[in-house]
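Novice: Turn this into a model:
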Amino acid sequence: MPRIPTDRQGPDITHRASAPQICLTSETLPRSGIDLEDITTQTVGYMTLLAENLSAVRALEQPMNVHRRILAQGWV
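Specialist: Purely as a prediction, here's the structure:
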């Protein structure tokens, strides 16, 4: 089993990120090289898939609820 070195106080932190480096704003986004249209399209695509999956799960859940009620009433 690997040993954890005990001769150090912790990680050597030489740089702390500033808020503009972490949070993209309307001012920093154009300089970041990130394509906002691409991000928006991907987000809408993921949200559409999520909505479709939730609809499918709900459609499957309904018969299961009926089956559970039948089992709970002892009809089987």
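Novice: Now do the strands in this protein.
Specialist: Under the criterion DSSP state E, the chain contains no strands.
Novice: now the helices for it?
Specialist: 19-22, 29-32, 36-73 (DSSP state H).
Novice: In CSV, list those helices along with mean pLDDT.
Specialist: Listed next are the helices of the chain as CSV, based on pLDDT from 0 to 100:
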stretch, mean pLDDT
helix 19-22, 56
helix 29-32, 68
helix 36-73, 78
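Novice: In JSON lines: those helices, plus mean neighbour count.
Specialist: For the C-beta atoms, the positions are set from N, CA and C on the backbone; glycine is no exception. Shown next, in JSON lines, are those (neighbours: other Cβ atoms under 10 Å):
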{"stretch": "helix 19-22", "mean neighbour count": "10"}
{"stretch": "helix 29-32", "mean neighbour count": "11"}
{"stretch": "helix 36-73", "mean neighbour count": "10"}
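Novice: how close does T43 sit to L50?
Specialist: Taking Cβ to Cβ, to the nearest Å as the measure, T43 falls 10 Å from L50.
Novice: now E27
Specialist: 31 Å.
Novice: What of L60?
Specialist: Where L50 is concerned, L60 sits at a distance of 16 Å (Cβ to Cβ).
Novice: Please apply the same query to I70.
Specialist: 31 Å.
Novice: now R69
Specialist: Using Cβ to Cβ, R69 is found at 28 Å from L50.
Novice: now A72
Specialist: To L50, A72 is 31 Å away according to Cβ to Cβ.
Novice: now do V66
Specialist: Distance from V66 to L50, by Cβ to Cβ: 26 Å.
Novice: what does D35 give?
Specialist: 22 Å.
Novice: got it, and G74?
Specialist: G74 is 38 Å from L50, by Cβ to Cβ.
Novice: cool, and V57?
Specialist: With Cβ to Cβ as the criterion, V57 and L50 are 11 Å apart.
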